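>>> Kindly generate the corresponding structure for this input.
(chains A and B)
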There are 2 protein chains.
Amino acid sequence: MKCRRCGAQAAIEVRRHNAAFCEGCFVHHVQESVSRAIRSHRMFGHRDRVLVAVSGGKDSLGLWDALLELGYQATGLYLGLGIGEYSDRSGQVTRDFAAGQGAELIEVDLRERYGYDIPTGGRKGSRSTCAVCGLSKRYVFNREAVDHGFDVVATGHNLDDEAATLLGNTLRWQTEYIARQFPVLPKREGMVRKVKPLYRLSELETAAYAFLRGIDYIVEECPLVAGNTQLKYKDAMNALEAGSPGTKAQFYLGFVDRGAELFRSEDTAELAPCEQCGQPTTGRFCAFCRARAQVLGERLGRPEGDVDDDAQTAGELSEEVLPVEMYGRALSRRGP
Amino acid sequence: MKCRRCGAQAAIEVRRHNAAFCEGCFVHHVQESVSRAIRSHRMFGHRDRVLVAVSGGKDSLGLWDALLELGYQATGLYLGLGIGEYSDRSGQVTRDFAAGQGAELIEVDLRERYGYDIPTGGRKGSRSTCAVCGLSKRYVFNREAVDHGFDVVATGHNLDDEAATLLGNTLRWQTEYIARQFPVLPKREGMVRKVKPLYRLSELETAAYAFLRGIDYIVEECPLVAGNTQLKYKDAMNALEAGSPGTKAQFYLGFVDRGAELFRSEDTAELAPCEQCGQPTTGRFCAFCRARAQVLGERLGRPEGDVDDDAQTAGELSEEVLPVEMYGRALSRRGP
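Presented below is the predicted three-dimensional model:
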């Protein structure tokens, strides 16, 4: 097979595009896809300061790499989750990458800054580990971006992530979540813009990109993710993809092109500052402050009897964007 | 386990409802579900004349049985598809059922009335067998209902059928089809109301009902259905259901409750009488007349060059309700 772009011997086939590339042109193909995503959705420009949420995995490091290659002002943000050796190594590969690129990296350690780590957060309180992790990340990403004056937060969600999440949200017709699964979420009161420049690239493509670019990334899954509901949706999408290559892309990109507009009116949450931390929330206290108070055994300034119970936690889930990480115990527990 | 309704020894467990029933109460449970579906969506009343599309399978015969038991005026409509022994036997069980119930049965033979059978229709022309079958059924059901003055056509689509079809339509964001997947389609110019009273019952429930009611139905699948795309969606839904019992119900019933309204504006087709047969269509000639002319090698009165080509057939698919039967070769061929 020949490279679609330069005609040399191809090294990588992208079945969905019915195309093959040599190594150099594959790297170009990935960067072009990122660039097109950014431009077609006006995610940000070269003058904007972009905060890239990096976990040390192939997607987020690959995204950071591509943004730097494309000449964007991309600063990394690494959140230390305190998940033992897994976190130690992800922090290390992230620091090494930043040093190698001469790129700016902001580090926040959850325990140092907020008094708990993810394993503790999952054990204490009413939320699953994945739920605590997801809401901690969303909170810290936004707060750091606001505090440091960034214009936009970019995350490394790829096509497989988005298709699986969309499948889960659609199977439950969680129309508010679906409304917020667009690759760009505009800036709102106290919330910076959120973008997903890898949304057109499959997991295979982002993995091949990281490999070809010589990025040293952490390969293993988070050790706490076992049984994560998200994985079931990935399995289902993979089975459908195997039978009809292109199903994932058709599903998520079709949503972006034709589906999303039908759900726009469902994103109705009104935001006001959390009474504890000032970050935007739909209630009196934000989900992060409520979760943190529960984990630390502290009380938020609230009237008697207003406890953070399971019902409130379940309600809160419907007010939040549901990232990959949030499909944990909490949601399976709410099953039919 | 005890029967939820009468406390006797249970014979059948309905996991999704976390309930079990004795045989008698299970039959009651199914009839109640049909009755509730009919009443909650005002599908029809006891004074309406209902035409039940019966294939000889468990779903349509079970539906007919339940409607008669519930005291509705339900006439059967059997369409002879000419699929060899399979059709011979389905016709026979249908006639036997009607005779046993003393119920009125209308029979239409596709070859006698319209000059072709399904195997021929699938071999000739540009449509898949399943596509020709689906559009022939929809056409004949509506036409017979109109010609005989029925108020409504009822079909035996169950929860598994609807969930799988909805999954397929959603994976492709075929918003017009999704808009028409509601359990009731209102009467329009030249189209009688269409209803699916079994939409709350799983395939297991309809099979158990037919068995317990002693209905002799044709068990085997249509011999022409092999490779039908619909089956892949059923497999995917079954895998998800196995991991999280209730997923199918949550998906389709959630659509009915919360999703469908968002798609209502997508059902925009404007209908006018077909110049050949007078039945409603979005074009000059209806899909049935075009397909039939193609199969018979006849010409419709059309200008030179206006041939029924593949592009037109593909376009037509997007103007039509997509029932189970239409997911055939034609659609897979359009894949990415």
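>>> Quick check: which element contains A:Glu221?
Assigned by DSSP states H and E, A:Glu221 belongs to no helix or strand.
>>> Report the contact partners of it.
A:Glu221 makes no contacts at all, as judged by CB atoms under 8 Å, 6 or more residues apart in numbering or on different chains. (C-beta placed from N, C-alpha, C; glycine too.)
>>> Against chain B, how distant is it?
18 Å (CB to the nearest CB, to the nearest Å).
>>> can you pull the pLDDT of the residue in the stretch 1-150 of chain A that chain B sits nearest to?
Residue nearest to chain B within the stretch 1-150 of chain A (CB to the nearest CB): A:Arg16, separated by 6.8 Å. A:Arg16 carries a pLDDT value of 80.
>>> Spell out the secondary structure type for it.
helix (DSSP: H, G, I helix; E, B strand; the rest coil).
>>> what's the burial count for the nearest residue to it once chain neighbours are set aside?
Excluding the flanking residues, the one nearest A:Arg16 by CB to CB, 6 or more residues apart in numbering or on different chains is A:Gly246, at 4.9 Å. Neighbours of A:Gly246 under the rule other CB atoms under 10 Å in any protein chain shown: 16.
>>> So A:Gly246 is in contact with A:Val14, correct?
No - assessed by CB atoms under 8 Å, A:Gly246 is found out of contact with A:Val14, at 10.7 Å.
>>> Would you indicate which residues of stretch A:219-230 are buried?
A:222, A:224-225, A:228-230 (16 or more other CB atoms under 10 Å in any protein chain shown).
>>> Let me fix that, I meant to ask about stretch A:278-290.
In stretch A:278-290, counting by 16+ other CB under 10 Å, buried: A:279-290.
>>> Repeat that for stretch A:3-22.
Neighbour counts over stretch A:3-22 (16+ other CB under 10 Å) mark A:3-5, A:10-12, A:14, A:16-17, A:19-22 as buried.
>>> what number of residues lie near A:Ala164?
Neighbour tally, A:Ala164, other CB under 10 Å: 26.
>>> who's in contact with it?
A:230, A:233-234, A:236-237, A:324.
>>> For chain B, state which of those residues is nearest.
The closest of the contacts of A:Ala164, once distances to chain B are taken by CB to the nearest CB, is A:Ala236, at 5.2 Å.
>>> thinking again about what came up before, closest to A:Val54 out of the buried residues of stretch A:219-230?
A:Cys222 (14.5 Å; CB to CB).
>>> what's the distance between that closest one and A:Tyr78?
15 Å (CB to CB, to the nearest Å).
>>> Now intersect the buried residues of stretch A:278-290 with the strands, please.
Those of those mapping onto strands are A:280-281, per DSSP state E.
>>> could I get the buried residues of stretch A:278-290 as a markdown table with pLDDT?
Shown next, in a markdown table, are these (pLDDT from 0 to 100):
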| residue | pLDDT |
| --- | --- |
| A:Gln279 | 92 |
| A:Pro280 | 91 |
| A:Thr281 | 91 |
| A:Thr282 | 87 |
| A:Gly283 | 87 |
| A:Arg284 | 91 |
| A:Phe285 | 93 |
| A:Cys286 | 93 |
| A:Ala287 | 92 |
| A:Phe288 | 95 |
| A:Cys289 | 95 |
| A:Arg290 | 94 |
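>>> Which members of the buried residues of stretch A:278-290 define the maximum pairwise distance?
A:Pro280 and A:Arg290 (14.3 Å).
>>> near chain B, which residues of the stretch 201-336 of chain A?
A:229, A:232-233, A:235-236, A:239-240, A:243-247, A:249-251, A:254-255, A:257-259, A:262-263, A:265-266, A:332, A:335-336 (CB under 8 Å from any CB of the partner chain).
>>> how does it look with 7 Å?
Where the stretch 201-336 of chain A comes near chain B, counting by CB under 7 Å from any CB of the partner chain, the residues are A:232, A:236, A:239-240, A:243-244, A:246-247, A:249-251, A:254-255, A:258-259, A:262-263, A:335-336.
>>> Among those, the buried ones, what's the PyMOL command?
The buried residues among these can be selected in PyMOL (16+ other CB under 10 Å) with this line:
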select buried, chain A and resi 232+236+240+243+244+246+247+249+250+251+254+255+259+262+263+336
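>>> What ranges does the stretch 101-250 of chain A have for its strands?
A:105-109, A:152-154, A:184-185, A:193-195 (DSSP state E, counting those that start in this stretch).
>>> Turn those into CSV, including mean pLDDT, distance to chain B and mean neighbour count.
CSV is the format used below for the strands of the stretch 101-250 of chain A (pLDDT from 0 to 100; distance: least, CB to the nearest CB, whole Å; neighbours: other CB atoms under 10 Å in any protein chain shown):
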stretch, mean pLDDT, distance to chain B, mean neighbour count
strand A:105-109, 98, 35, 16
strand A:152-154, 98, 25, 24
strand A:184-185, 96, 18, 19
strand A:193-195, 97, 22, 23
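>>> Include distance to B:Ala179 when you put these into a markdown table, please.
Listed next are the strands of the stretch 101-250 of chain A as a markdown table, based on distance: least, CB to CB, whole Å:
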| stretch | distance to B:Ala179 |
| --- | --- |
| strand A:105-109 | 46 |
| strand A:152-154 | 35 |
| strand A:184-185 | 26 |
| strand A:193-195 | 30 |
